[in-house]
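Chemist: No sequence on hand, only this structure:
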């Protein structure tokens, strides 16, 4: 039995030997992975880390504060472009450029948070959707941002540490993801995160407790946008080339789907959701190459599921899997995880 | 100087006058009850004091300071706590976390301090520990030990009411507004509640303003009673005066 003897254990990051063991094992695994696997798979892991960061931020907003955003691709775009332009035009090193990208995205998040004080539910969804669309349109029109042609982003490589380009990006992305994950967890265990959740559950009672509801709603938007902005900067150096088309509103929807599938309001949910959705969206592109089934699915999607005549089987399957997960596990992947955990803890009863 | 002074407040919803030129004042250390038939404007009165609504006319002052146009959280920061008629707990948080929200105004941790909570000595961790000790006192008083790490949505109704009372007490208020604290409680729970409300006043020196329908309880613990009907003051005074007041009997039982 795991008894608490001290209030510190309520908020401690790793309480108990088991938790410490698994956490350090995870860190060692993450640190050594680039030496075991190579090339494309390192890229996939980096992409997962980037999406984990977006999901962590979005989940703070959607799952913990109870706001909604259909414009998060816009914040990712702001982060990506700020980082790229600071590196190209002002020769700023990557890390400060990425942090600047996060801060500028946070500023835009704060601005979007202001109208959000008066909007709720579907109305807020439309307002944020419009914001996401507006950002990419503006970027596409301004020559300084490379217009529709896009920008190529300088490579980041820590040669002094003997790392290749892929490995450098992997380590930066992974360390950032772990740090921001711990930050998010600390927020939720202490005063600011509790205030977010109070606003979500009952804004009237929150105000009666002295929580400044407007402040925490805008703060949540800003923090969420900061996470998205940081992820944008990392994504830019990961793919090496950015254009406005990358940050479409489909991407915003996919981010939202990520946190719903993972589990709203939980850190582990954000991580699981981002890993699974990233994996699915990459792997489902290969579905057409499966002998027999692939051609059948492709023909099916061409005939019944498309307006333009192009095969969109990837989206059809992604959508189907998402519907199934939400239907059978409303708490998301986190729900599955916690059920397995309870089963083992209480076994054989 | 009265603790709470309500002067000539009027609040209308469309054509309905929920509060109509209502005035009263509450002295420090009193248990002051507000009663009246359903729809008399009792909860509207609390919402006006709490700045959830702003009255069209009249002023509300607290310790001599006008609070009519403050924000809800501004009112809370002056030391006014409340509970709600339909329980307004933070349903997806635990009892402990709910009570810790009562400490929100006494704590300072911001985002940066929170993010840097990496070891026991960090500012955020120290603050969490200190305020959890304070919360534990309230948990002890209200006998909530068994529920401290349970999600409040899973607790029985009576316990949820106690958690809400505890959350208000964690704010260490000077004035406590209780909106139907005994509604839905069984006899035993109500006895406990009466005991605690007295204790809150006697031990902590908190002034209590209470809306309640249970007449036995109201007469038992109130120092003074205000009766309102259709937003107007019907009677005010000592319990025995009020319950024998002819207009009050008419309002409750109808005129013969």
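Modeler: Cool, the structure landed. Because the structure is predicted, anything quoted here is derived from the model rather than measured.

Chemist: Contacts for the worst-scoring helix or strand of chain B on mean pLDDT next, please.
Modeler: The weakest-scoring helix or strand in chain B, judged by mean pLDDT, DSSP states H and E, is helix B:246-253 (a mean of 82). Helix B:246-253 is contacted by residues B:36, B:37, B:227, B:229, B:234, B:235, B:242 when judged by C-beta atoms under 8 Å, 6 or more residues apart in numbering or on different chains. C-beta here means a position set from N, CA and C on the backbone, and glycine is covered the same way.

Chemist: For the fourth one, which residues count as its bridge partners?
Modeler: Residues in a beta bridge with residue B:229, per DSSP bridges, are residue B:232.

Chemist: show me what contacts it?
Modeler: Contacts of residue B:229 (C-beta under 8 Å, 6+ apart): B:36, B:37, B:40, B:251.

Chemist: Which stretches in chain B count as strands?
Modeler: Along chain B, the stretches classed as strands by DSSP state E are B:4-13, B:16-26, B:31-35, B:57-62, B:65-66, B:80-82, B:175-179, B:207-211, B:224-229, B:232-237.

Chemist: Return the residues of the stretch 151-300 of chain A in contact with chain B.
Modeler: Contact residues (C-beta under 8 Å from any C-beta of the partner chain) of the stretch 151-300 of chain A with chain B: A:183, A:186-187, A:189-195, A:197-198, A:200-202, A:204-213, A:219, A:223, A:265.

Chemist: quick one: low-confidence parts of the stretch 101-250 of chain B?
Modeler: Within the stretch 101-250 of chain B, no range satisfies pLDDT under 70.

Chemist: How about residues contacting the helix or strand containing residue A:192?
Modeler: Following DSSP states H and E, one finds residue A:192 within helix A:191-201. With contact meaning C-beta under 8 Å, 6+ apart, helix A:191-201 is reached by A:60, A:64-66, A:186-188, A:205-206, A:209, A:211, A:213, A:216-217, A:219-220, A:265, B:89-93, B:97, B:100-101, B:104, B:107-111, B:114, B:124, B:127.

Chemist: returning to that earlier point: and among the strands of chain B, the most buried is which?
Modeler: strand B:80-82 (a mean of 27; mean count of other C-beta atoms under 10 Å in any protein chain shown).

Chemist: That one near chain A at all?
Modeler: Yes: if you take C-beta under 8 Å from any C-beta as the test, strand B:80-82 does meet chain A, through B:81, B:82.

Chemist: list the buried ones in the least confident helix or strand of chain B?
Modeler: Neighbour counts using 16 or more other C-beta atoms under 10 Å in any protein chain shown place B:248, B:251 of helix B:246-253 among the buried residues.

Chemist: Tell me what angle it forms with strand B:232-237.
Modeler: Relative orientation of helix B:246-253 versus strand B:232-237 (axes from the mean of the first three to the mean of the last three C-alpha atoms, to 10 degrees): 120 degrees.

Chemist: Tell me how far helix B:246-253 lies from the chain's centre.
Modeler: Taking C-alpha atoms, centre = their mean, to the nearest Å, one finds the center of helix B:246-253 at 26 Å from the center of the full chain.

Chemist: residues contacting residue A:144?
Modeler: The neighbours of residue A:144, taking C-beta under 8 Å, 6+ apart as the test, are residue A:85.
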